[in-house]
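In: Quick one: sequence and predicted model below, then my questions.
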Amino acid sequence: MSSWTTSMPGPRDDPAISSPELLRQMLAAAIESAQPERCLPPYLPQRPHGRVIVIGAGKAAAAMARALEQHWDGELSGVVVTRYGYGLTCRHVEVIEAAHPIPDEAGLAAAERLLAAVSGLSADDLVIALLSGGGSALLVRPLPGVTLADEQALTQALLRCGAAISEINCVRRHLSGIKGGRLAAACHPARVLTLAISDVPGDRPCDIASGPTVADPTTSADALAVLQRYRLALPPAVGVALRDARSESIKPGDPRLARNTFQLIATPQQALAAAARIARRHGRAALILSDRIEGEAREVARVLAAIALQVVEHGQPHPAPLVLLSGGETTVTVHGGGRGGPNAEFLLALAIALQGRAGIHALAADTDGVDGNAEIAGGYLVPDTLARAAAAGVDARDCLDHNDAHHFFEAVGGAIVTGPTFTNVNDFRAILIESP
């Protein structure tokens, strides 16, 4: 894991470990548990009779390719695409950097490079596909009639409307010439082994990087329904493409996918379990509420605040000291023009709901190091966060109304900056309730 710093307030008096440091260690453990160097080697296959081609997409793709190279005892070649700033030097695998979350020309070129790398393979060859969160935006190849500009406008609209990631990726799969199983079909008749780090609630293979190497159970009609549900004004070419039979993805039972194997190597649940072990090591009980929480970030905050207050006031579902852990992917319906992301917005709404309740600290961050539209992973909350904001002349409710949570936590000294983490197991939330 890369080194990272926070602007957390200093530790309080505690002979064992301060609340800020304990939460920091839990986040670090969650990220470390999903590092490719740690979780990829146990799943490497035996060498095939033919060639080994490595392809991949996602924020962890370069780190996964490097880990594979370091533990592979034969020849290989290939190409992967990752986010700008997440590239690493590999000996045999080409690493391309592209934009995320809004796709760009580099992502378009990367998709063509991946397809070229797997063309003309034989049944003796092996393709190792390395997939992780972010791959949906990084691997872009619009269907005929749809332009990159159309894809960019679509992505922007979907990210701002509050759609769930499964809904967003359903649309992406059906407008792509490489997602929704199409990349795997292009590898036929070679064997394909997908090694994936999950960043999606429920760990569904078709949603990780929009499933370029797996069959897709959803349909073009499902994708159209998503667009209608959120009443999005989109480029006309998008609607035309989704009504064209060519937009249908590769379905279960397709013979071109018969020799494909899919293997999860890291998941949000594993990351939460790693954090729970740190909490228990330091004498705090830990409850993992769920690894798949979805919904509006501010609404999730209200629910988790209510649970934290139940612990404080009634010792339920477990008495303090206690850490409540959760993961998943919350969303933000954007109404304002501020800088923010779902984790920081969750934390800001949590601060407002808790109203400075003594003994409650919290941390929320995206494990890939980027929360929303700024290079900030998330934030840290202390009991006097709202008082700090008032002293700095920052209105918490106004920041929430304008989706300006990053500005809020920078102003009060609670922003978390990790830099590239080279992995992605999605949102990490920890609420620490100390003894009264």
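Out: Great, that's in hand.
In: tell me the domain ranges of this protein?
Out: The chain breaks down by automatic domain parsing into domains covering 5-34+268-433, 47-250.
In: For Gly107, which residues are in contact?
Out: Contacts for Gly107 (C-beta atoms under 8 Å, 6 or more residues apart in numbering) come out as 81, 98-99, 137-140. For every residue, glycine as well, the C-beta is placed using N, CA and C.
In: Indicate which one of the domains of the chain is closest to Pro41.
Out: Nearest of the domains of the chain to Pro41, taken as C-beta to C-beta: domain 47-250 at 4.4 Å.
In: Where do the strands of the stretch 301-436 of the chain begin and end?
Out: Assigned by DSSP state E, counting those that start in this stretch, the strands in the stretch 301-436 of the chain fall at 322-331, 360-366, 378-381, 415-417, 427-433.
In: coming back round to it: can you list the contacts of Gly107 in JSON lines and add secondary structure, distance to Ser435 and pLDDT?
Out: Converted to JSON lines, the contacts of Gly107 look like this (DSSP: H, G, I helix; E, B strand; the rest coil; distance: C-beta to C-beta, whole Å; pLDDT from 0 to 100):
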{"residue": "Val81", "secondary structure": "strand", "distance to Ser435": "48", "pLDDT": "98"}
{"residue": "Ala98", "secondary structure": "strand", "distance to Ser435": "48", "pLDDT": "98"}
{"residue": "Ala99", "secondary structure": "coil", "distance to Ser435": "47", "pLDDT": "97"}
{"residue": "Ala137", "secondary structure": "helix", "distance to Ser435": "44", "pLDDT": "96"}
{"residue": "Leu138", "secondary structure": "helix", "distance to Ser435": "45", "pLDDT": "97"}
{"residue": "Leu139", "secondary structure": "coil", "distance to Ser435": "49", "pLDDT": "96"}
{"residue": "Val140", "secondary structure": "coil", "distance to Ser435": "51", "pLDDT": "96"}
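In: gap between Met26 and Ser220?
Out: Here the criterion is C-beta to C-beta, to the nearest Å. By it, Met26 lies 42 Å from Ser220.
In: quick revisit: and of the contacts of Gly107, the nearest to Leu432?
Out: The closest of the contacts of Gly107, once distances to Leu432 are taken by C-beta to C-beta, is Ala137, at 33.1 Å.
In: Test my guess that Val300 contacts Leu289.
Out: No - look at Val300 against Leu289 with C-beta atoms under 8 Å: they stay out of range, at 10.4 Å.
In: hmm, back to that, for the domains of the chain, give me CSV that also has distance to Ala258.
Out: As requested, those are exported to CSV (distance: least, C-beta to C-beta, whole Å):
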stretch, distance to Ala258
domain 5-34+268-433, 29
domain 47-250, 9
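In: Lowest average confidence across those domains, which one?
Out: Across the domains of the chain, domain 5-34+268-433 has the smallest mean pLDDT, namely a mean of 93.
In: Now distance to Ala275 too, for the strands of the stretch 301-436 of the chain, in CSV please.
Out: Converted to CSV, the strands of the stretch 301-436 of the chain look like this (distance: least, C-beta to C-beta, whole Å):
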stretch, distance to Ala275
strand 322-331, 6
strand 360-366, 10
strand 378-381, 14
strand 415-417, 14
strand 427-433, 6
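In: buried subset of the contacts of Gly107?
Out: Using 16 or more other C-beta atoms under 10 Å as the burial test, these include 81, 98-99, 137-140 as buried.
In: can you redo those residues as a markdown table with distance to Arg38?
Out: A markdown table is the format used below for the buried ones among the contacts of Gly107 (distance: C-beta to C-beta, whole Å):
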| residue | distance to Arg38 |
| --- | --- |
| Val81 | 22 |
| Ala98 | 26 |
| Ala99 | 28 |
| Ala137 | 25 |
| Leu138 | 23 |
| Leu139 | 25 |
| Val140 | 30 |
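In: which one among those gets closest to Gly202?
Out: The closest of the buried ones among the contacts of Gly107 to Gly202 turns out to be Ala137 (C-beta to C-beta; 20.0 Å).
In: My guess is the closest one contacts Asp104. True?
Out: No - counting by C-beta under 8 Å, Ala137 does not reach Asp104; the two are 9.1 Å apart.
In: Run the chain-centre distance for stretch 174-186.
Out: Relative to its chain's centre, stretch 174-186 lies at 21 Å (C-alpha atoms, centre = their mean, to the nearest Å).
In: What's the end-to-end length of it?
Out: By C-alpha to C-alpha, to the nearest Å, the extent of stretch 174-186 from end to end equals 16 Å.
In: Stretch 96-104 now?
Out: By C-alpha to C-alpha, one end of stretch 96-104 lies 12 Å from the other end.
In: and the closest residue to Gly135 other than its chain neighbours, what is it in contact with?
Out: Among residues not flanking Gly135 along the chain, Ala209 sits closest, at 2.6 Å (C-beta to C-beta, 6 or more residues apart in numbering). Applying C-beta under 8 Å, 6+ apart, one finds that Ala209 lies in contact with 57-58, 131-136, 138-139, 179, 196.
In: Could you dump those residues into CSV and include distance to Ala365?
Out: Shown next, in CSV, are those (distance: C-beta to C-beta, whole Å):
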residue, distance to Ala365
Ala57, 23
Gly58, 18
Leu131, 22
Ser132, 17
Gly133, 14
Gly134, 16
Gly135, 21
Ser136, 21
Leu138, 21
Leu139, 25
Lys179, 27
Ala196, 22
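In: And these, which is closest to Glu329?
Out: Gly133 (9.3 Å).
In: Tell me the secondary structure at the closest one.
Out: Following DSSP: H, G, I helix; E, B strand; the rest coil, Gly133 is assigned to coil.
In: Regarding this protein, what is its longest helix?
Out: helix 297-314 (DSSP state H).
In: got the contact list for the closest residue to Ser77 other than its chain neighbours?
Out: Among residues not flanking Ser77 along the chain, His92 sits closest, at 5.5 Å (C-beta to C-beta, 6+ apart). Contacts for His92 (C-beta under 8 Å, 6+ apart) come out as 54, 69, 75-78.
In: Filter those residues down to the buried ones, ChimeraX style.
Out: Under the burial definition 16+ other C-beta under 10 Å, those of the contacts of His92 that qualify are selected in ChimeraX by:
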select :54,76,78
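In: Next one: the closest residue to Ile178 other than its chain neighbours relative to Val54, how far apart?
Out: Spatially, and ignoring its direct neighbours in sequence, Ile178 is nearest to Arg141 (4.3 Å; C-beta to C-beta, 6+ apart). Per C-beta to C-beta, Arg141 is found 19 Å from Val54.
In: Perfect, that will be all.
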